[in-house]
Every structure is written in structure tokens, then in C-alpha cells.
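Enquirer: have a look at this prediction, sequence included:
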Amino acid sequence: MPSWPSRFWERDKGRMDLKAALQEVYGHDEALAGQLARYEGALAEFARRFGTGRVSIFRAPGRVNLIGEHTDYNQGYVLPVALDRDILLLARPRRDGVVVVENVEERFAPRSFRLGGEIPPGELGDWGNYVKGAAQALWRAHGPGLRGMEALVVGEAPFGVPRGAGLSSSSALTVVAAVALAGLNGLDIPPASLAKLCSEAEWYVGTRGGIMDHFIALLARRGHALFLDCRPRDGAFPMEHVPLPQGYKIVIADSGVRRENTRSEFNLRVAEDKIGVELLKSHFPGITHLRDVSPSALGLTMDELEAILE
């Protein structure tokens, strides 16, 4: 059997050209060397922990949002782009309904649980809860009979999504766990449907957010932003891939500052928005979300509205 790097660079009849697949994600040849070493190391580590054999690799990227903060759960518009930093999950199916998940970073202890409709969570903030949330949501949507998996999460620097930096590392972990379980069980779930499921899965960990992070993780296209309308129409969310302008770069600087209480602060903002909507609805019944608030809806001119806000 050829070494792992050669499998990326060779075209195997009847198979996807893996080199082309990685170029579509990470860029051209000069950007692939580090990724190839990363994938090779991840496969070797998986074999060391779980033994040799067939293994599947799944990934989910982080994201940065260009326009529209706190608007997705208010049924507004967002314009995120996916990053070249991602979380990998290497996995193979088990014959039972048990999930065993380990992390290459030693500070994240191994976790195991049985699939079901009510999976007991770990302690608040435990990294395994994101995997459990995805598994529980998938089980509830697609019923008993799902097989478990042996999995290894790879998300360390320099290729992983920085944690606590506002780049959606937690949602990337939720998405990659859901994609892996769905793939290993042969579930053909449309990306938008899986994204919606993943957004609901994060309620498991106590986050009351929207759909943006999961949609861009599953529907990103290289060189494009995703213009997403977070108000569903006929059960679907209108979206458009918008080409990024040539000659420009998006630069993201990681300050290294980490915040530990972002979940509670985020949920507070969600609650404040909902309270504001309820207050407005008592005077303006046509308002159901903050998206609906406009000068015309309030019977004001723009100047009058700006004066109130000031």
C-alpha cells in the first residue's frame, strides 16, 4: 500500500483526485506540504490509538463574519466566509452504538458514550459535549440503529481553529462530529438540513445561537462569501455564494486574548433581543423579530429614529 502522501498525489482510477480535493480547500501546491504532513501525522496517530485499517477523514472550518453580527438568530442577513483553519475528525464505524472520541491534545481527555435520544452531558464546558450534542440531534432525527464510531479529533495549532477567539471552533467541532456520524452511517442529508440540525444541537451545550456558523461550515466555497438570509421561506433559507473581490486579502489577527464566559454573555444578548421584540410587539404587532424593525414599521422617519437611538 502506498504511503499516505502519495495517495494524495496519485490519481487512482475510479477515485476522486485527492490532490485536487485538497487544493480546492487549502490552495495550491505550496500550501499543501504542511497539510499533507498534518494528515499523515493524524493518520499515524489514529492507527497508534485505534489500530490499523480503513479510516475516513472529515473536516469542518472556522469562520469570520464580514457583515451582520447577532443577526442570524434575529432572522436577519449575514455574510460569513470560511477559514483555512479547520478541525479534522478521523473515524471508523463500530458495530455497536458506542462513540469513543479522543483528542490529539492531552488536555482534552477521552470521552465515550452510547448513542440515544437522551445522552447525559458531561460537566458544563466539557469538550465532549459538542460531540454528544451532535450525536443526540442526529439520533433523534434519524432514529435508532445508528452505529457508533472510534474517532480522533485534530484541531491543534497551527492548522486548527483558535479556541475562544470568536472564530467558531465549537461549532466546527459540532459540525464535524455530525458529518462523521452521518457519513459513517450512510445518511444522505442535504447540507442545509444538516446545518439546521447542528444549530439545534448546540442547545445541548447551552448556546442559544443561530444558524450562521453551521451553514458556512457546510456550504462554504473557496474564494466566496456566503450571503445568507436567516428568515426561512417555504422551509428553506435563501442563500447566494458571493465571489470575493480579486486583489484583496482578508487578514485575521489573533490577539491571544481568551474569554471564558462568552456563552453566558452571548445567551444574555439573545435574551435581551427577545425581550426587546416582545416590548415592540405590544405596540407594533407586525414585528416578530428584530429584522422587522425599521423606520417605516415604527411609523418614524430615519431622522426621528436616529434621534431616539442617540
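Expert: Perfect, I can see it now.

Enquirer: mind jotting down where the helices sit in the stretch 151-300 of the chain?
Expert: Assigned by DSSP state H, counting those that start in this stretch, the helices in the stretch 151-300 of the chain fall at 169-184, 191-201, 212-219, 262-281, 295-298.

Enquirer: quick one: which of those helices is nearest Val161?
Expert: Closest approach to Val161 among the helices of the stretch 151-300 of the chain (C-beta to C-beta): helix 169-184, 4.0 Å. C-beta here means a position set from N, CA and C on the backbone, and glycine is covered the same way.

Enquirer: now that closest one against helix 191-201, angle please.
Expert: 130 degrees (axes from the mean of the first three to the mean of the last three C-alpha atoms, to 10 degrees).

Enquirer: and the helices of the stretch 151-300 of the chain as TSV, adding distance to Tyr39?
Expert: TSV is the format used below for the helices of the stretch 151-300 of the chain (distance: least, C-beta to C-beta, whole Å):
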stretch	distance to Tyr39
helix 169-184	14
helix 191-201	23
helix 212-219	19
helix 262-281	31
helix 295-298	51
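
Enquirer: can you add mean neighbour count and give the ones you listed back as TSV?
Expert: Below are those laid out as TSV (neighbours: other C-beta atoms under 10 Å):
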stretch	mean neighbour count
helix 169-184	27
helix 191-201	21
helix 212-219	27
helix 262-281	14
helix 295-298	12
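
Enquirer: which of the ones you listed has the lowest average pLDDT?
Expert: Least confident of the helices of the stretch 151-300 of the chain, judged by mean pLDDT, is helix 262-281 with a mean of 79.

Enquirer: rewinding a little: and of the helices of the stretch 151-300 of the chain, who's closest to Ser255?
Expert: With C-beta to C-beta, the closest approach to Ser255 among the helices of the stretch 151-300 of the chain belongs to helix 262-281: 14.3 Å.

Enquirer: if you average the pLDDT over the longest helix seen in the chain, what comes out?
Expert: Counting residues, the longest helix found in the chain (DSSP state H) is helix 29-50. Helix 29-50 carries an average pLDDT of 88.

Enquirer: just the buried positions in that helix, please.
Expert: By neighbour count on 16 or more other C-beta atoms under 10 Å, the buried set for helix 29-50 is 32, 35-36, 38-39, 42-43, 46, 50.

Enquirer: check the closest residue in space to Lys196 that isn't next to it in sequence and give its pLDDT.
Expert: Distance criterion C-beta to C-beta, 6 or more residues apart in numbering; nearest residue to Lys196, sequence neighbours excluded, is Ile211 at 6.3 Å. With respect to pLDDT, Ile211 scores 93.

Enquirer: and the end-to-end length of stretch 149-159?
Expert: The first residue of stretch 149-159 is 24 Å away from its last residue (C-alpha to C-alpha, to the nearest Å).

Enquirer: element containing the nearest residue to Glu200 once chain neighbours are set aside, please.
Expert: Closest residue to Glu200 apart from its sequence neighbours, by C-beta to C-beta, 6+ apart: Ala137 at 5.8 Å. Assessed by DSSP states H and E, Ala137 sits inside helix 128-142.

Enquirer: list the helices and strands that helix packs on?
Expert: strand 98-103, strand 111-114, helix 169-184, helix 191-201 (3 or more C-beta pairs under 8 Å, 6 or more residues apart in numbering; DSSP states H and E).

Enquirer: now that helix: average pLDDT?
Expert: 97.

Enquirer: that helix: which residues count as buried?
Expert: Buried residues in helix 128-142, counted by 16+ other C-beta under 10 Å: 128-139, 141.

Enquirer: contacting residues for the residue nearest to Lys196?
Expert: 72-73, 195-196, 199, 228, 230, 237 (C-beta atoms under 8 Å, 6 or more residues apart in numbering).

Enquirer: same check, this time on Val270
Expert: For Val270, the contact set (C-beta under 8 Å, 6+ apart) comprises 73, 208-209.

Enquirer: same thing but 10 Å
Expert: Going by C-beta atoms under 10 Å, 6 or more residues apart in numbering, Val270 touches 70, 73-74, 207-210.

Enquirer: quick check: the two most widely separated of those?
Expert: It's Asn74 and Thr207 that sit farthest apart of the contacts of Val270, by C-beta to C-beta, at 15.6 Å.

Enquirer: nearest to Asp292, of the buried residues of helix 29-50?
Expert: Closest to Asp292, out of all of the buried residues of helix 29-50 and judged by C-beta to C-beta, is Gln35, at 44.3 Å.
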